[in-house]
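> Pasting a predicted model and its sequence here:
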Amino acid sequence: MIHDFIYDIPVRIYFGRDQLKNLGAELKRYGTRVLMTYGGGSIKKIGLYDRVVKEIRDAGLELFELSGIEPNPRIDSVRKGAQLCKENHIDVLLAVGGGSTIDATKIMAAGACVDHDPWDFLDIQKYAPIEKALPIISILTLSATGSEMDTAAVISNPETKDKLGRLDPAIRPKVSFLDPTNTFTVSAYQTACGAADIMSHIIEVYFNFDEEFYMLDCVMEGLMKTIIRYAPIAMREPDNYEARANLMWASSWAINGFILGGKRKAWSCHPMEHELSAIYDITHGLGLAILTPRWMEYCLDETRMSKYVQFGTNVFGIDPTLAPMEIARKSIEKLSDFLFNTLQLKRTFPEVGIDRTHFAVMARKAVNGGTLPGFKPLQQADVENIFEMCMK
Ligand code: NZQ
Ligand code: ZN
């Protein structure tokens, strides 16, 4: 059965090399006082900072800045940003960076409109409503999370050792600038992590049995083939425009809501990964790369095998005349080969400094004390088993 769904992705995208000339006009639609947010300085190194500041000044807008947003962005940066917005009567936020900067900016934009602590939006006990948020424009510099086009933000709280996400249409960017040349300087490692993240966003939806939606499965297979084709090229040739453009547009469409098509099952690898980054501060895509093939192996049985067969034959071109279980197993091997050999990502927990110390608590938090109702429902013991599989 295909569930009813609403298609509503109201983000204006400026894609390409020569689009920033539209930035001033877009910002002006929302006001005159702009808070620009960014991370640890990569935008200065690539010359983007100067270009953005010039566009803002030329448009006669007033510029405020917040820098230093961390990878795996922290609630303290969000608090600072929300406060800055209130003190300076900010009209519009401009996030320039990767998913971390955009995510932090989303919760700042909501935090600027309330009196309470922005963490209350993430805290699962409180889950404060997001009734409104200041408008956000983003300039993306790393293809991975899709935050430039989606309703999600994921924030870390080092005090509580939580990394929690929030979804709300109010925090979706109004406009995003996607210039592939802004990603030419992304390292091979971050390119690989981004590719693993995009693959996971698709796999979390593709491996889902609520209903068969052939049209969307074909789109997802096309997106996955795009990542498999272009991520290694971008790693080898960082300034290959075609590769960067394909990765960039695929990252947005992997998670902007389109491929969901009403599917309702929860994701599995993301909740597990967020517990890893919460405690070990590892790169999100790296954690997903380690977890995903193990999770696929854990879920594989006769009842779920057909999805693996579809994945293996359509995405990796495995011989369809082989026995279905053999194709299913080979599909996991092919994915592992892509993640660990082609993308050169680390394969096991010990290689990234994760041991068994926090398995029980991470697994309990990942299932939120109950069951993760994904492709295969997972309880705490299942998640601990999957973590164990990542040890070698
Ligand atoms: O901080 P700066 O100096 O900008 O450097 C960053 C950072 O060190 C660097 N970088 C970004 N653009 C660059 C660049 N370096 C050179 N050239 C450029 N053009 O890359 C590093 C990583 O940046 P970050 O923003 O952390 O990476 P990413 O985009 O992968 O974002 C990861 C965060 O997004 C969350 C993750 O959990 C993680 O916290 N996610 C957000 C989602 C969403 N909003 O929908 C979904 C995802 O599943 C994910 O959970
Ligand atoms: Zn992700």
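Happy to help now that I have it. Keep in mind that this is a model prediction, so the values were computed, not measured. Ligands and ions are numbered 1, 2, ... in the order given.
> so what's residue 43 up against?
49, 52, 96, 97, 141 (CB atoms under 8 Å, 6 or more residues apart in numbering). Placement of C-beta: from N, CA and C, glycine included.
> Now the spatially closest residue to the fourth one that is not a sequence neighbour, what are its backbone angles?
Put plainly, it is residue 97. Leaving out its chain neighbours, the residue that sits closest to residue 97 by CB to CB, 6 or more residues apart in numbering is residue 39, at 4.7 Å. Phi and psi for residue 39, reported as degrees, to the nearest 10, are phi -90, psi -130.
> Among the contacts of residue 43, which ones are in helices?
49, 52 (DSSP state H).
> If we only consider the contacts of residue 43, which is nearest to ligand 1?
residue 141 (3.6 Å; CB to the nearest ligand atom).
> need the contact list for that closest one.
Residue 141 makes contact with 42, 43, 46, 48, 96, 97, 98, 182, 183, 186 under the criterion CB under 8 Å, 6+ apart.
> measure it to residue 255 for me?
17 Å (CB to CB, to the nearest Å).
> Please apply the same query to residue 199.
11 Å.
> near ligand 1, which of the contacts of residue 43 show up?
97, 141 (CB under 6 Å from any ligand atom).
> Write the PyMOL selection for whichever of the contacts of residue 43 are buried.
Listed next is the PyMOL selection for buried residues among the contacts of residue 43, using 16 or more other CB atoms under 10 Å:
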select buried, resi 49+52+96+97+141
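> Switch the contacts of residue 43 over to JSON lines; also include pLDDT.
Converted to JSON lines, the contacts of residue 43 look like this (pLDDT from 0 to 100):
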{"residue": "49", "pLDDT": "98"}
{"residue": "52", "pLDDT": "98"}
{"residue": "96", "pLDDT": "98"}
{"residue": "97", "pLDDT": "98"}
{"residue": "141", "pLDDT": "98"}
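> Is it possible to get CSV of the contacts of residue 43 that adds distance to residue 147?
Formatted as CSV, these follow (distance: CB to CB, whole Å):
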residue, distance to residue 147
49, 20
52, 18
96, 13
97, 10
141, 12
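> what pLDDT does the nearest residue to residue 44 once chain neighbours are set aside get?
Of all residues not flanking residue 44 in the chain, residue 50 sits nearest, at 7.8 Å (CB to CB, 6+ apart). Per-residue confidence (pLDDT) for residue 50: 98.
> Residue 144 versus residue 195, what's the distance?
Counting by CB to CB, the gap from residue 195 to residue 144 is 8 Å.
> Need the residues touching each of those two.
With CB under 8 Å, 6+ apart as the test, residue 195 and residue 144 both reach residue 285.
> Pick out the most distant pair among the contacts of residue 141.
By the measure CB to CB, 96 and 186 form the most distant pair in the contacts of residue 141, at 14.1 Å.
> what about the strands in the stretch 51-200 of the chain?
Along the stretch 51-200 of the chain, the stretches classed as strands by DSSP state E, counting those that start in this stretch are 62-66, 92-97, 136-140, 152-157, 162-167, 175-178.
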